[in-house]
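Colleague: A structural model of the following input is requested.
(4 chains)
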Protein chains: 4
Amino acid sequence: MKYESILNSVYGNLLTIDNIGSVAAYIPELAKVSPEYLGAYVHTLDGQQAGVGDFDVKFSIQSIAKVLSLCLIYRNADTNIWNRVGVEPSGSSFNSLVQLEYDKGIPRNPMINAGAIVVCDMIISTFKNYRSEVLTFVRELAQCDTINYNETVARSELSVGYRNISLVNLMKSFGNIENDIDEVLEFYFLLSSIEMTCQELSRTFLFLANDGKEFLSDRSILSLSQSKRVNAIMQTCGFYDEAGEFSFQVGLPGKSGVGGGIVAVHPDNFSIAVWSPKLNAKGNSYRGFKFLERFTTDTGLSVF
Amino acid sequence: MKYESILNSVYGNLLTIDNIGSVAAYIPELAKVSPEYLGAYVHTLDGQQAGVGDFDVKFSIQSIAKVLSLCLIYRNADTNIWNRVGVEPSGSSFNSLVQLEYDKGIPRNPMINAGAIVVCDMIISTFKNYRSEVLTFVRELAQCDTINYNETVARSELSVGYRNISLVNLMKSFGNIENDIDEVLEFYFLLSSIEMTCQELSRTFLFLANDGKEFLSDRSILSLSQSKRVNAIMQTCGFYDEAGEFSFQVGLPGKSGVGGGIVAVHPDNFSIAVWSPKLNAKGNSYRGFKFLERFTTDTGLSVF
Amino acid sequence: MKYESILNSVYGNLLTIDNIGSVAAYIPELAKVSPEYLGAYVHTLDGQQAGVGDFDVKFSIQSIAKVLSLCLIYRNADTNIWNRVGVEPSGSSFNSLVQLEYDKGIPRNPMINAGAIVVCDMIISTFKNYRSEVLTFVRELAQCDTINYNETVARSELSVGYRNISLVNLMKSFGNIENDIDEVLEFYFLLSSIEMTCQELSRTFLFLANDGKEFLSDRSILSLSQSKRVNAIMQTCGFYDEAGEFSFQVGLPGKSGVGGGIVAVHPDNFSIAVWSPKLNAKGNSYRGFKFLERFTTDTGLSVF
Amino acid sequence: MKYESILNSVYGNLLTIDNIGSVAAYIPELAKVSPEYLGAYVHTLDGQQAGVGDFDVKFSIQSIAKVLSLCLIYRNADTNIWNRVGVEPSGSSFNSLVQLEYDKGIPRNPMINAGAIVVCDMIISTFKNYRSEVLTFVRELAQCDTINYNETVARSELSVGYRNISLVNLMKSFGNIENDIDEVLEFYFLLSSIEMTCQELSRTFLFLANDGKEFLSDRSILSLSQSKRVNAIMQTCGFYDEAGEFSFQVGLPGKSGVGGGIVAVHPDNFSIAVWSPKLNAKGNSYRGFKFLERFTTDTGLSVF
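Modeller: Down below sits the predicted model:
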């Protein structure tokens, strides 16, 4: 299969449809991004790679970082993490606080904010220089030394993150946060502020299509079992309140962020990243979602 | 791949582990079933079929019927059904009533009781002789004329189904039930009382591994898109509060029932049914779950 | 204090204000009632009685009957009832189902629908001829033999009472309903359909201002302690989501119904009933509430 | 009526019953208090005052301070406060977060933590030197210059107050907190740390029995209407999840704190404060509650 031509075809097609939705407005820094960006990049396990549009422009990966922090702690702590965060989908967000309270401070999964905050707490407890540890981990996966946090974006989010402060304190009241709350939240927002291009993001997630092994070097990032676990979590929990719709329309494990990025992997085949800043009503990239839908339709490659 | 030998190997292995859990006790008829049954059957798209253990003993498919009723209405009504029932996972059951109220009587998905009840209501509105219509549909899929309802089991469940009566009345108060409540509930419990063997169940679900087409005849039961939708719903919503765990451990779209049955499909490969009556704490067959976990590990066939 | 002149003064004043709100529309029979009715009647323990406006027109007492059924079972079963229904206020109605589920089917108090349904269930279990038992009890209190159920209204409510059916089934699933659900609901709606005039209603509740003793005969209806309990429940739970507001504006224990009636008692002083069909946004009689507010302001008689 | 002899009689009686329950353990400073203290003091509007037991020992008034902060802002801001906090009872605490979310950050009433936090926020916005403003207000009411905060207790509570931090951040996310969160919380806990004797506490609340006017000087603290409002709120919301029970057993508007204090007023008659550190299962002073129950039974003075 020639992925380059498929990418080009889908890209051309996408440019003809309306660019619906709106850029995430609650973070001033993100609101400044041009809504017209559209890029995609694919890496395959048979050695192809191809990009279209703005595939080499950096953007804020936001919640996509939740998968990376999960992988970092998972490979170090393995199963010890699942007594502090679950693996089941969570229902709609209107329930998040009461659910968290009902479950005594144990978040439903690591893709919702509360769960990702617990993962940040674990990372702080595990690594002395946790900020650089995460960067090193991500840079090696992406094979790119320039990847970095955007501290302006992080501070901007922290300053309005009252709901997340509410969540972390509720968890602390149940004993599920070990470290200082301010430190945990600061790190959580810092993590979300990582910036990558589609090319880097696609490369970063390729190991999840490769049974947990770094492509080329074959170095093990996660075990096969761990890799399946992360893919399963992305499949059932990766798209806020649209996980079922994404499973149907696209049929791949994936994760989106409010910066407009989406990454998805097809186990044993490829990793793909797309980016377009305007979000649909459920908070996922409008054109990114459409792009992947057509991409899997055209290639016939979905897991279902 | 020789499925027969894999089945035999997994079966032998399962007989050596403890048979943990307990048979569903709230339905007197089900409580009478011997907890020692263990059977499995697989149909593949390359023409193999194989069974082990008690694969030819009939059991109550219970909630597995929710997939069949969904398929029947879906092929007749198509997209019109999604304004009355959602496609997203639902969080834990403790939320079910408040979630249903918050969503104005629209259930989160057709695999939870409320959603399956709405599907029953749609079927009653669509088919004059809906009881026989369902039976005919299932018998043709299973290629077996002896499949039937067990009216004793149905009546037994109806007599203690207060929670389901509560759900249907709440939905009726929001206008999401068209027919008489007693008729809807009676049909809902009748549907759950269908009895099949593993062999019949595996055969019945084979079309979902075959892009919606009946195997052999190639007759279209669902469109490709509809078939993907049903598989996506099973993947994200098919195992009560254990959908994420099943996605990880087994990695296939599937559905379980409190009778101890589980059916799962691997798109483009096979359909498999297992049965063992003892349930784990989340209400899914303890040995059925283990069986599928080892089966996909041994074959390397999971979607992740 | 001359209650007659106070009543006349308040009545005249009320006629000059706008008659805001709307008549309960979900029950066809109630929707037919003229919205212009306005009546009030007071009985005092020093022997006065006085009425104004439409004090001798019968209306549907609706939820006011919840107090009467509570008193009937309380005097027969005493404290045994409080393990099946609580005595605490309940928060807003949006919580009612989840609260009931959280509390394992024990309603917060006997003034909300779920609690009143449990009281009906107790009455059915206690009295062989419970329908006539209630009528006899109420007729004796009101000293009026013509008080009766309105079966047309009862049937009309039953036919659309899906939410109450939902509640009773949820309670039955927790074992807090002993009798047949249809019988309990039928009786519940029958009870609400009792019709009285303001004069009869005021007379009926006079014993709660008289430490539980029937006025004139001094016959004990409730003990002093029981009478205080019922007054305390009316004070904290008698006005749906407006109990705090009523406590402040009027300052008396009382109960309202969607038929537009309100009854209130001032312990050791008087009982008063008002009626005006238009309801405010919280479901309480708009002019009835205003009437009582001015009445207690003018007399200086509130409990605070 | 001779209140002194009644107090003595009740006190003697209380000493003969078991001292059940446990001292609030989550605040180290409070856990150190001897559980054997028992004191009470009454001030009447006919000029009597009397005390028994440990009536002149200072204790932490805790949540009783919520009434005082409410009165301070109410007399300055009047009705403008009710668009930011409600006046209705709140149901059980398990609902507090979801209720607050459902109501868009508007707490149900000023006696629950969330509501009292909003009141603190209003006070900070209104008074430049709010800490001293509160002290002055309370000292004048108590006619005692030694009343003060206990900063050790305040800091001790702040250090474990995660749930309250969660609440305040949730309200901030809805725009219902104007000031810096840390400042609001610090003040909230400082307020709760005020220490008084029963004698001082009883004197402080006497104006609520006197239609809002300071006893002796007749200076207006609250208007008559405001005073009724505060009493109505205490009656329906003053005892956590035991407001209905207190209304019944004691029959007076009142407020309790986890330090073991309870204050209650009988409008137009008296104000009474009791203190005994052990709390019942609902968090109210076990012997304090019993004391008031017998006191109103013996005097026949309840509002019902």
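Colleague: right, and A:Asn176 touches A:Asp103 too?
Modeller: No - in this structure, A:Asn176 is not within contact of A:Asp103 by Cβ atoms under 8 Å, at 9.7 Å. Where C-beta positions appear, they are placed from N, C-alpha and C, glycine not excepted.
Colleague: which residues sit in contact with the closest residue to A:Ile221 other than its chain neighbours?
Modeller: Once flanking residues are discounted, A:Ile221 sits nearest to A:Phe207: 4.7 Å by Cβ to Cβ, 6 or more residues apart in numbering or on different chains. A:Phe207 is in contact with A:Leu141, A:Lys213, A:Glu214, A:Phe215, A:Ile221, A:Leu222, A:Ser227, counting by Cβ atoms under 8 Å, 6 or more residues apart in numbering or on different chains.
Colleague: what number of residues lie near A:Ala232?
Modeller: 25 (other Cβ atoms under 10 Å in any protein chain shown).
Colleague: So out of everything in the stretch 1-150 of chain A, what residue is nearest chain D?
Modeller: Relative to chain D, the nearest point of the stretch 1-150 of chain A is A:Val98 (4.0 Å; Cβ to the nearest Cβ).
Colleague: what's near enough to touch the residue in chain A positioned nearest to chain B?
Modeller: Chain B sits closest to A:Gly91 of chain A, with a gap of 2.5 Å, by Cβ to the nearest Cβ. With contacts defined as Cβ under 8 Å, 6+ apart, the neighbours of A:Gly91 are A:Gln99, B:Glu88, B:Pro89, B:Ser90, B:Gly91, B:Ser92, B:Asn95, B:Gln99, B:Arg108.
Colleague: Nearest spatial neighbour of it, chain-adjacent residues omitted?
Modeller: Per Cβ to Cβ, 6+ apart, closest to A:Gly91 is B:Gly91, 2.5 Å.
Colleague: And that neighbour, how close does it get to chain C?
Modeller: Here B:Gly91 is placed at a distance of 13 Å from chain C (Cβ to the nearest Cβ, to the nearest Å).
Colleague: any idea how far that residue is from D:Asn13?
Modeller: Distance from B:Gly91 to D:Asn13, counting by Cβ to Cβ, to the nearest Å: 52 Å.
Colleague: any idea of the mean pLDDT in whichever strand or helix holds A:Cys71?
Modeller: In this assignment (DSSP states H and E), A:Cys71 forms part of helix A:65-77. The predicted model assigns helix A:65-77 a mean pLDDT of 96.
Colleague: quick one: buried residues of that helix?
Modeller: A:Ala65, A:Lys66, A:Val67, A:Leu68, A:Ser69, A:Leu70, A:Cys71, A:Leu72, A:Ile73, A:Tyr74, A:Ala77 (16 or more other Cβ atoms under 10 Å in any protein chain shown).
Colleague: what helices or strands is the helix or strand encompassing the residue of the stretch 1-150 of chain A closest to chain D leaning on?
Modeller: Assessed by DSSP H and E, A:Val98 sits inside helix A:96-102. Counting by 3 or more Cβ pairs under 8 Å, 6 or more residues apart in numbering or on different chains; DSSP states H and E, the packing neighbours recorded for helix A:96-102 are helix A:113-126, helix A:162-173, helix D:96-102.
Colleague: Which residues outside the last one are in contact with it?
Modeller: For helix D:96-102, contacts defined as Cβ under 8 Å, 6+ apart pick out A:94-95, A:97-98, A:101, A:170, C:91-92, C:94-95, C:98, D:90-91, D:106-108, D:112-114, D:166-167, D:170-171.
Colleague: and if you look at the first one?
Modeller: Counting by Cβ under 8 Å, 6+ apart, helix A:113-126 makes contact with A:63, A:66, A:69-70, A:72-73, A:76-77, A:81, A:84-86, A:96, A:100, A:107-110, A:130, A:133-134, A:163-164, A:167-168, A:171, A:176-179, A:183-185, A:187-188, A:191, all of which sit outside it.
Colleague: Pull out the buried positions in it.
Modeller: Those would be A:Asn113, A:Ala114, A:Gly115, A:Ala116, A:Ile117, A:Val118, A:Val119, A:Cys120, A:Asp121, A:Met122, A:Ile123, A:Ile124, for helix A:113-126 by 16+ other Cβ under 10 Å.
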